[in-house]
Structure formats: structure tokens, C-alpha cells
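Q: Everything below, folded, please.
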Amino acid sequence: MLLSLLTGCASLVSSATTRMADNISLAILNQDDPATVRDGAPAYLLMIDGLIEGDPDNTKLLLVGSRLYGSYTSAFIEDEARAQRLAGKALLYARTALCQRNAGVCANIDSKLDRFGDALAATRKSGLDSLYGFGVAWASWIQINAGDWNAVADLSKVEALFERCIVLDETHDGGGAHVYLGVIKSLLPAALGGKPELARQHFERALEISGGENLMIKVLMAKHYARNVFDQELHDSLLASVGAADADYRGYTLINSLAKLEAVKLLAESEEFF
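A: Residues are numbered from 1 along each chain as shown. Got it, this is the predicted structure:
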């Protein structure tokens, strides 16, 4: 009876901790002043570290920590060495969560692509959160370590992972897997093996799934697809629409505020680029 009571208390504490982390994450995502997040987020990151220290097997908490570290690094950290450290922590948290929910994929991260693909094929929708969270952290880590060819060589595995996420549930995270695939397939021009038209399809599908609430999709489509195919008209129209749009959507306010700032910058470069 005592053991049952203690187990129940531990479960309640873990649940409360996870809710607090979720609320912190949502509060940051709903912030409309990026400078406030830039200056204040480190305190929350340390708090998340502390929560994970006290509950290291909490998958949801690990994924929240990974996402906060990854988002903060991508949006605000310019120092390369620091970005690599923080992206590494985001990847570590996400990998730990992945290994708890998708052991087969975890065991084959360093395997050849075909074995990794076989492990992905065995995943189920119940493990999608950790699979997708790891993919996001991995993609960000590769981007920050783009000078390391060993890191870049894993991009095909990340691509396969997001393809599997789409099979499991393409609407997850507002169509986020489509966004990442849009970027990946735009990295090279068609003449060098890139697949820009597939990239456009992924971006357009992500816009459809998100209902247009995530303005960063249009910014990424302009930056990666439109510039890849030298379509200035599309490039400028996408960025102009971001500038004219409302940023205040629940869960997207911060990223939309950042998207509007990036849109202004890219639009100012348009004549020079094209």
C-alpha cells in the first residue's frame, strides 16, 4: 500500500513538472517581443535543466528542453562555438527521449542508411513525438555543424526520418516535417541533384496544414526555394505577404515576429541577389 502511494505521488509530481515545462514553453512561443525572449530565455533554460535533473526519464520534459534549447540557439546565438554547445545539448535531450520511445531507431542512428530506414519503418504513431523531436534537433545540429562533413553526411538519414513522420501523421506540429523536407530538398539546385519542385510541394502542403498561421514557412520558402530557382516574383510576394500579416497566433507569435524581421532583411537583399 505504501509503495502504491509513493508511486502515485511520484506520478503526480512528474505530471505537474511536465505541465510547468509545457506552460513555460508556450509562454515563450506566445511572446511578441523577441528581445525579451533573447534576454530572458537563459534563466528558463537553466530551470528546464534543473527539472530534467530531477526527472531524467521524463520523455516529455526532455523534448521540451530540446526544443527550447534548439529554438533559442537558432534564433539568437551567433557565436559558432556557443551555438555548437547548445545545439549539442538539444540533441542530447532529444536523443535520450528517442531512445526511451523508439529503441530500434536509437540503436541504428550510426548504422548505414538502409538499416536506419528499416528501423524507421517499424516505428508507430505512438512514438512520433520523440521521433520528430529528435529529427528537429538533429537537423539543427547538422546546420550549425555544416563545416563537418561527417555531420552533413547524416542529412540523408534526417530526410528519411521526416519522410517517416509524414507517413505517421503529416499534420504533426503544424506540418513541421513538410517544412524541414522543403528546406532539405532545396539545398542544391536541380542541376546538382536537388529537388526544388518537390521542395515547393512540401512548403505548400505545410502552408495548407498550418492554415497560414506559421509565417516562417513563407520566409523559408522564399529563402530556400524561390532563391534556388531564381523566382524573384515569388520571392518578393511571399516576403511582402509576411510583412503585411498579423503575427499574433497562439503558439506562433514569437516565430512569426522573427519571421517578419527576417522577411524585411531578405526583401532588402532581393535586387542584389536576383
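Q: what residues does stretch 46-56 touch?
A: 13-14, 17, 20-21, 24, 58, 61-62, 64-65, 68-69, 93, 96 (Cβ atoms under 8 Å, 6 or more residues apart in numbering). Where you see a C-beta, it was placed from the backbone N, CA and C, and this is true even at glycine.
Q: Cross those residues against helices and list the overlap.
A: Taking DSSP state H as the definition of helices, the contacts of stretch 46-56 contribute 13-14, 17, 20-21, 24, 61-62, 64-65, 68-69, 93, 96.
Q: Which element, helix or strand, includes G212?
A: G212 belongs to no helix or strand when elements are defined using DSSP states H and E.
Q: Repeat that for the one 5 residues further on.
A: Secondary-structure assignment from DSSP H and E places I217 in helix 216-220.
Q: With just CA atoms, put that helix into PDB.
A: Extracted in PDB, the C-alpha atoms of helix 216-220 (Å, rounded to 0.1, in the frame of the first residue of the first chain):
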ATOM      1  CA  MET A 216       8.100  31.400 -41.100                       C
ATOM      2  CA  ILE A 217       7.100  28.800 -43.700                       C
ATOM      3  CA  LYS A 218       6.800  31.600 -46.300                       C
ATOM      4  CA  VAL A 219      10.100  33.000 -45.200                       C
ATOM      5  CA  LEU A 220      11.800  29.700 -45.600                       C
END
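Q: name the helices or strands packed onto that helix?
A: helix 176-184, helix 196-210, helix 232-244, helix 253-268 (3 or more Cβ pairs under 8 Å, 6 or more residues apart in numbering; DSSP states H and E).
Q: Same question for stretch 34-41: list its buried residues.
A: The neighbour-count check on stretch 34-41 (16 or more other Cβ atoms under 10 Å) flags 34, 37, 41 as buried.
Q: for stretch 166-186, that is, sorry about that
A: So stretch 166-186, judged by 16+ other Cβ under 10 Å, has buried residues 166, 168, 172-186.
Q: tell me how far the ends of it are from each other?
A: 18 Å (Cα to Cα, to the nearest Å).
Q: can you start the count at 633 instead of 1 from here on
A: All set: I'll call the first residue 633, so the last point we hit is now stretch 798-818.
Q: what element comes up after the lowest-mean-pLDDT helix or strand in the chain heading to the C-terminus?
A: In the chain, the helix or strand scored least confidently by mean pLDDT, DSSP states H and E is helix 634-661, which has a mean of 63. Sequence order places helix 666-686 as the next helix or strand after helix 634-661, per DSSP H and E.
Q: how many degrees apart are that next one and helix 885-900 in direction?
A: 130 degrees (axes from the mean of the first three to the mean of the last three Cα atoms, to 10 degrees).
Q: pLDDT wise, what is the closest residue to A783 other than its chain neighbours at?
A: Nearest residue to A783 in three dimensions, chain neighbours excluded: N777, at 4.2 Å (Cβ to Cβ, 6 or more residues apart in numbering). pLDDT for N777: 93.
Q: Great, nothing more from me.
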